[in-house]
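>>> sequence first, predicted coordinates after that:
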Amino acid sequence: MVDFNWPDNARCAVMLTCDFDAESLWYSEDASAHRKPSILSQGAYGPKRGIYKLLDVFRDFEIPASFYVPGSTVENHTAAIEAVLKEGHEVGHHGHMHVWIDPEDPAKEIEEMDQGLAALKRCVGVVPKGYRAPAATSSDRTIQLVHDRGFLYNSGMLDDYVPYRHKLEDGTDGPIELPFHWQLDDSALSLYIIQEQSTILTNDHIFQVWKEEFDALYEWGGLVNFTLHPQISGRPARNMLLRRIVSYMREQQDVWFATGTQIAEAFAAGMAHPAK
């Protein structure tokens, strides 16, 4: 049974997103990272090589993508963000220094959001429509802040597999939610952190995880929300894996590949809606 109706009678929607953290991921977790060039280099691979390998994939398959960018990334790697925009992809908001939201520190959450917004506007002229918090963290203020800053949608909740609209505390409509899940996040399967000695999985293993989740969402008519990272899926073998899964999804003729904004706008217009 299909639980959701998509534009043009598509069976499901595929949203290829990229969290372009660059070095901010490492700075936010290690106060001494600036003294550890080899640690930072894992993030530096993203703007140096990885982002362009991802753009190659999207160009070759002629599909749009959504890039969620911390303010520090756009400040330090402006040319890479300009390359994303030149290809016609969406640029959204992903904090400023990739600092995880702490419900006990409301001032820091506001600072991170506003600094990121200012950097996107100042450096590349982008007023983003989509917000994704670093590491999908949140507080009881986050959705209200997303609404107050004028975002069309949020993408950070895991409580559904189709879009829905948030309700604010006063009962009025809030932003649209485009939920995701860690099963389609490359960092959950491929991010190697030496302090934790995480397992490095084969492409076949990850492909099977992604294929099974796509097949189920295709059957249910859901939103297939991939979360990729240039420093991971821009690496040689993982980039081949991305090509493999995109090719598999493209074999289905009734799949809608869209940006977060396109999906949220379709939902807002009633063109994407729960099945009757």
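Yep, that arrived.

>>> gap between the two ends of stretch 96-114?
8 Å (C-alpha to C-alpha, to the nearest Å).

>>> contacts for it next, please.
Contacting residues not belonging to stretch 96-114 are listed as 21, 24-25, 27-28, 70-72, 93, 95, 115-116, 119, 131, 133-135, 137-142, 145, 149 [C-beta atoms under 8 Å, 6 or more residues apart in numbering]. (Glycine included, C-beta is placed from N, CA and C.)

>>> for the record, mean pLDDT for it?
What stretch 96-114 shows for mean pLDDT is 97.

>>> now do the buried residues in that stretch.
96, 97, 98, 99, 100, 101, 109, 112, 113 (16 or more other C-beta atoms under 10 Å).

>>> for the residues you listed, which one is nearest residue 16?
residue 98 (20.4 Å; C-beta to C-beta).

>>> ok, which stretches of the stretch 51-200 of the chain are helices?
51-61, 71-76, 78-86, 106-124, 142-148, 186-190 (DSSP state H, counting those that start in this stretch).

>>> buried deepest among those, which one?
helix 71-76 (a mean of 24; mean count of other C-beta atoms under 10 Å).

>>> export the longest strand anywhere in the chain as CSV, just CAs?
Determined from DSSP state E, the single longest strand within the chain is strand 12-19. Coordinates of each C-alpha in strand 12-19 appear next as CSV, following Å, rounded to 0.1, in the frame of the first residue of the first chain:
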residue,chain,number,x,y,z
CYS,A,12,8.4,7.7,-4.1
ALA,A,13,10.7,10.8,-3.8
VAL,A,14,14.5,10.6,-3.5
MET,A,15,16.3,13.5,-1.9
LEU,A,16,20.1,13.4,-2.2
THR,A,17,21.5,15.7,0.5
CYS,A,18,25.0,16.6,1.4
ASP,A,19,26.1,17.9,4.8
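
>>> partner strands of it and their direction?
strand 66-69 (parallel), strand 223-228 (parallel), strand 255-257 (parallel) (DSSP bridges).

>>> the spatially closest residue to residue 10 that is not a sequence neighbour: neighbouring residues, count only.
Closest residue in space to residue 10, ignoring its immediate chain neighbours: residue 256 at 3.7 Å, by C-beta to C-beta, 6 or more residues apart in numbering. Using other C-beta atoms under 10 Å, residue 256 is surrounded by 20 other residues.

>>> my guess is residue 256 contacts residue 8. True?
Yes: contact criterion C-beta atoms under 8 Å: residue 256 and residue 8 qualify, at 6.8 Å.

>>> buried residues in stretch 59-69?
Those would be 63, 64, 65, 66, 67, 68, 69, for stretch 59-69 by 16+ other C-beta under 10 Å.

>>> ok, those vs residue 47, which is closest?
Taking C-beta to C-beta as the measure, residue 47 lies nearest residue 69 of these, at 10.5 Å.
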